[in-house]
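**Student:** Okay, predicted coordinates and the sequence, questions at the end:
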Amino acid sequence: MKTDRLENFIKTNREEFDQLEPSTKVWENISAATGKTKVIRLNAHLIRVAAVIVVVVVTSVLLFNTGILAPGSYAGNSSDPEMRELIEAETFYAQQVNGKLKEIRKCYYTFPELKEEIETDLIELEEMYNILKVDLKENVSKKAVIEAMIENNRFRLKLVDQVLEQINC
């Protein structure tokens, strides 16, 4: 390999560059600083672990008290055909909407105004859906509520389909 002139100059004049050395006090400070070991307090780790445990326990208690984790509350175990139909519809529409939303989100860079409009509309539909879930738990006209929930899912899918057709991203 060919060396350049600067490198040759440095090699030939190295002694002149090394004429200044730090004082012994500087070296003492460096050696004292490197000799110290970092002490990790066990208390900090225990506090973090305890915080995680508290969050998990509180969340579990809240979910159990609201009936979400209560035994037999899982609608998949329900013998009610309408509830099974709702669960299947929820699963189907959620997969469809999420897949199409991924495609739409890829276009947010190209169409930045699209993000706020779509997200706002989907949040409104989600809020309506949550209200319907509450109504379903209260057994308010169960069949009508289930139909409204499925219709809400259809509307979400229709919304993302229309957006995909319009943007052609």
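**Tutor:** Sure thing, it's come through. Residues are numbered from 1 along each chain as shown.

**Student:** can you map out the helices along the protein?
**Tutor:** 5-12, 14-17, 24-35, 42-66, 81-106, 112-137, 142-167 (DSSP state H).

**Student:** Could you tell me the least trusted of those?
**Tutor:** Ranked by mean pLDDT, the helices of the chain end with helix 42-66 in last place, scoring a mean of 72.

**Student:** sorry, back to before: export the helices of the chain to JSON lines and tack on mean neighbour count?
**Tutor:** Using the backbone N, CA and C atoms, a C-beta is placed for each residue, glycine as well. Formatted as JSON lines, the helices of the chain follow (neighbours: other Cβ atoms under 10 Å):
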{"stretch": "helix 5-12", "mean neighbour count": "9"}
{"stretch": "helix 14-17", "mean neighbour count": "8"}
{"stretch": "helix 24-35", "mean neighbour count": "9"}
{"stretch": "helix 42-66", "mean neighbour count": "10"}
{"stretch": "helix 81-106", "mean neighbour count": "14"}
{"stretch": "helix 112-137", "mean neighbour count": "13"}
{"stretch": "helix 142-167", "mean neighbour count": "15"}
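
**Student:** what separates the nearest residue to residue 143 once chain neighbours are set aside from residue 138, distance-wise?
**Tutor:** Take residue 143 and drop its neighbours on the chain: the residue closest to it by Cβ to Cβ, 6 or more residues apart in numbering is residue 82, 6.3 Å away. Taking Cβ to Cβ, to the nearest Å as the measure, residue 82 falls 16 Å from residue 138.

**Student:** Mark out where each domain of the protein begins and ends.
**Tutor:** According to automatic domain parsing, the chain is divided into the following domains: 18-73, 79-167.

**Student:** possible to save these as TSV with distance to residue 5?
**Tutor:** Converted to TSV, the domains of the chain look like this (distance: least, Cβ to Cβ, whole Å):
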stretch	distance to residue 5
domain 18-73	20
domain 79-167	48
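
**Student:** How about residue 132: what's its closest non-neighbour residue?
**Tutor:** residue 149 (4.8 Å).

**Student:** can you pull the contacts of that neighbour?
**Tutor:** 86, 89-90, 129, 132-133, 136 (Cβ atoms under 8 Å, 6 or more residues apart in numbering).

**Student:** contacting residues for the closest residue in space to residue 128 that isn't next to it in sequence?
**Tutor:** The shortest distance from residue 128 to any non-neighbouring residue, by Cβ to Cβ, 6+ apart, is to residue 152 (6.0 Å). By Cβ under 8 Å, 6+ apart, the residues touching residue 152 are 125, 128-129, 132.

**Student:** Many thanks, we can stop here.
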